[in-house]
Structure formats: structure tokens, C-alpha cells
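>>> Just to be clear, the model below is a prediction. Sequence and coordinates:
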Amino acid sequence: MSLSSIIKQSIIALWANKLRSAFSILGIVIGVAAVVLILSLGQGLKGLVTNEIEAFGPTILDIAVNVPGTGQIGTITSMVQGIKITTLSLDDLKDLRDKSRFPYVEAVSGQAIGQEWVTYENEEKKALLYGCSADFPLIYKTMAETAQGRFFNQDEDDSLAKVVVLGNGLAEELFGQSDPLGKKVKLKGQNFKVIGVLKPQGMFSSFGGIDMNDFAYLPLQTALKEVLGIDYLSEVVLSVSSEEYLPRAEGEIARLLRHNHNITDPDKDDFEITTMEEILEQVSDVSVILNLLLGFLAAISLLVGGIGIMNIMLVSVSERTREIGLRKSLGATKKDILSQFLIEALVITGLGGFIGIFIGVSNSLLGGLAARAYGLAWPLTVSWLAILLAFLVAMAIGLIFGLYPARQAASLSPIEALRKE
């Protein structure tokens, strides 16, 4: 029997049991659509995060405190274990601003973080206080854009001026629709004049329930001496004039900090220097692992669909025993019967695969458009690798799970099959 005749017979048999075939196809549709959707959205999320990080610029260096000998960022570890690294200081900040040592450094911002109640008249909000230098807007241009007023300057930082720049959400919560500029809010029992309100933050506005739109930005020295009562920094961020200076900057800054902190063994560094390129590599690594995990979980539904195909095909073999016996008595070979049932399984998975790809791609694009509607610069991406992988896996599952029922059908004796009622 020719291949075209076998395919025709297979389609006729599937059409004769439309409802059963539809349910078999549905299992594959769900599995393929889930794989395509999850991996495509994962790729889109990676693109979004990458674009947001790249928006800061490739010339930024981040110096964070580090627990010596552990490779753990001190700010994170201190929250868990109560460990505080207090060696990063204003003296380090002053040295990093020294143009004779670091002529390629364009802007430097020290940072210190705390939490306090911010009040205005009868309104109050517990906000994250973000002490930073006047250079902060030069480094994080997108994060420090003001919707109203201005950011504080170096003179205000040096003179311990009691001024504050509010995040958009904090300003709305305290002042509603009224203009906050020039008004005074209370921080730790002291009056601070509002000189600016930042524009709403985008993708990275929320971390673990802390919204960056609720931050209160203070001059660094005011935050350290007047509010937080500390003399150390949690982080220093700086930008260099060109990417070509990054390797030099990493080496020279590390040597300076080791000298200032009396460190002779680099393995005992109490700081960690990270570039934007390294952050992007970490994001990429995490994205690959996450996509593999989610793809594996989605592929389980394909496996379930394959088991469904096997069950349906076994039922089909049982119901069509007399048909198989009749065909064998008329000259159909074992190979013909095997091929017919295998092709039926492949037709089911093929149809399910194409429909699943269409649904997965459509929902991926709709998800991207929905994200854009919420103001996220979500790239409308479709993972062609996911499409190819999902389709090939679906066909392989159809072949594997269709093989056993097909062999069962092919091995039936024509005489025994014809006797069966």
C-alpha cells in the first residue's frame, strides 16, 4: 500500500471519531502553546531587563560593601545575619573624586540607605531614605529626572542643607494634587524643604515590596549626619568617560580601597566592584536557567498529552480489531497496519503542534502588547527556537507514544481479529 493511501486511511479513521481525536489533539495543543508562550515571554522579559540596564549606560561602575572572604554583598547579608560592613567611607568618596588620581572619572555618588516616617500635616508614610551625592543625576539619568523642581547641588550637600527630593508616589501620597515644592515635610523630627519631585519610575520601580516611587532622596552628608547617625556608606557608584577605561578603573580603584582599608590579601576585600557588562552577564545566566526550568515544566504537559494519545490509540485498536483483521485478510501487511496507526498518531501531534504554535505565538504577542499598554518597553519577541523545539518534541512524543498501540495493532492475528465481536 502506498504512503498516500495509508495517510488517507488514517485521516478517514480519525475523522470517524472526531470528538476523541479532538481531545487527543487538545492535549498536544496545550503543551506546545505552553512551551512557546513561556519561552517567548521569558525571552521578552530578558530583553526588557537588558534594555533597562543598558539605559543606565555601559560606563558605570558599582562599588558595594562585601563580607570579606564570602563573596556576599554586605547590604544583603547584614539584613539576614546582622553583619554590617562600615569601612566604605566619605574619605574613599573624596579620593575617588580626585582628578589627579582618576582623570577618567566623570561623576561619583556615595549612597546610604535608611527608613523613616515622612510626615506632612495629617499625612504620613514610612519611606526609604536614599542619601546620595549631587552627582547622582549625572550617573542615573533616567532615575533622577525631575517632574517638578530640581535635584540638590554640591553646596547643599556640603552645608548639610535640610532639603529633600521626593519620589512621585511619595509626593502624591503626602500632598495629593497640591504643589509640594517649597513646602516642608518632617523627617525624624526635623523639617526638610521639598525642592523637587522625580518622574515616575518604570520597570525597576519595585523590589520586594519596596517601591522606588516612594523614596525620599537626601543630600548624602545630611542623611549620614542629621538623620541616620552613621559615618559609613553602603555603596558608591561612578561613571567613567569611556568604556575603554573600565579595566583600568577597576584595577586602580581596587588598589586605592585596599590601601585605605589596610587590606593586603585581595581574597579579603571588603568591597566588590561590578560593571554593567557583568550585571548583564548575570541577568543572561539567570534568564537561561529560568527559561530551562519553565520550559521543562511546560514540557510536562506535552508528556501528559503523549500519554493521552497512547490511551486513545489503544482504545482505537481495541474498537477496530475486526477492521484490522479484515484488512489483513485482504492483503495488508504488518508494516501497513503499523504505518497506519503511527501516521494517525503523527497526524494528531502535527495538527496539535501547528494549532499550539499559533496560539502560543498569538498569546506571546498579546502579552507583549499588554505590557506595553502598562508603560513597559516590552520587546515583541517570539522564540523561534521554542517553536522548533516544541514542534519536534511533540512529533517525537507522537511517534514514541503511538508506537506501542501501532505494534499492538500490527501484531494481531487476522483470524483472531475477525472472530472478535
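Sure, I can see it. Computed from a predicted model, the values in this text were never measured in an experiment. Numbering: from 1, shown residues only.
>>> After the helix or strand harbouring residue 35, which helix or strand is next?
Assessed by DSSP states H and E, residue 35 sits inside helix 18-55. Counting by DSSP H and E, the next helix or strand C-terminal to helix 18-55 is strand 60-67.
>>> Give me the average confidence score over that next one.
The average pLDDT for strand 60-67 rounds to 86.
>>> rewinding a little: and the helix holding residue 35, how far out from the chain middle?
In terms of C-alpha atoms, centre = their mean, to the nearest Å, the gap separating the centre of helix 18-55 from the centre of its chain is 15 Å.
>>> Report the buried residues of it.
For helix 18-55, the neighbour count (16 or more other C-beta atoms under 10 Å) marks 20-21, 24-50, 52-53 as buried. For the C-beta atoms, the positions are set from N, CA and C on the backbone; glycine is no exception.
>>> ok, now stretch 168-177?
Quick answer for stretch 168-177 (16+ other C-beta under 10 Å): 168, 169, 170, 171, 172, 173, 174, 175.
>>> would you list these in TSV and tack on pLDDT?
Output for the buried residues of stretch 168-177, formatted as TSV (pLDDT from 0 to 100):
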residue	pLDDT
168	89
169	88
170	90
171	91
172	90
173	90
174	91
175	90
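>>> and these as CSV, adding distance to residue 289?
Formatted as CSV, those follow (distance: C-beta to C-beta, whole Å):
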residue, distance to residue 289
168, 34
169, 33
170, 35
171, 39
172, 38
173, 38
174, 41
175, 44
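>>> I'd like those as JSON lines, with distance to residue 299 and secondary structure appended.
Formatted as JSON lines, those follow (distance: C-beta to C-beta, whole Å; DSSP: H, G, I helix; E, B strand; the rest coil):
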{"residue": "168", "distance to residue 299": "42", "secondary structure": "helix"}
{"residue": "169", "distance to residue 299": "40", "secondary structure": "helix"}
{"residue": "170", "distance to residue 299": "45", "secondary structure": "helix"}
{"residue": "171", "distance to residue 299": "47", "secondary structure": "helix"}
{"residue": "172", "distance to residue 299": "45", "secondary structure": "helix"}
{"residue": "173", "distance to residue 299": "45", "secondary structure": "helix"}
{"residue": "174", "distance to residue 299": "50", "secondary structure": "helix"}
{"residue": "175", "distance to residue 299": "52", "secondary structure": "helix"}
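>>> Pick the one among those residues closest to residue 128.
residue 170 (9.3 Å; C-beta to C-beta).
>>> which residues does the closest one contact?
For residue 170, the contact set (C-beta atoms under 8 Å, 6 or more residues apart in numbering) comprises 118, 125, 127, 213, 214, 215, 216.
>>> can you pull out the helices in the stretch 201-350 of the chain?
220-222, 246-260, 276-319, 321-329, 334-373 (DSSP state H, counting those that start in this stretch).
>>> Mark which of the contacts of residue 170 are part of strands, please.
118, 125, 127, 216 (DSSP state E).
>>> which one of these is nearest residue 94?
For these, the nearest to residue 94 is residue 216 (25.0 Å; C-beta to C-beta).
>>> Just the CA coordinates for the helix or strand containing residue 194, please, in PDB.
Element membership of residue 194 [criterion: DSSP H and E] is strand 190-198. In PDB, the C-alpha atoms belonging to strand 190-198 read as follows (Å, rounded to 0.1, in the frame of the first residue of the first chain):
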ATOM      1  CA  GLN A 190      13.300  67.800  61.600                       C
ATOM      2  CA  ASN A 191      11.900  70.000  58.900                       C
ATOM      3  CA  PHE A 192      13.100  69.300  55.300                       C
ATOM      4  CA  LYS A 193      12.200  71.600  52.400                       C
ATOM      5  CA  VAL A 194      10.900  69.900  49.300                       C
ATOM      6  CA  ILE A 195      12.900  71.100  46.300                       C
ATOM      7  CA  GLY A 196      12.000  68.500  43.700                       C
ATOM      8  CA  VAL A 197       9.700  65.600  42.700                       C
ATOM      9  CA  LEU A 198      11.000  62.800  40.400                       C
END
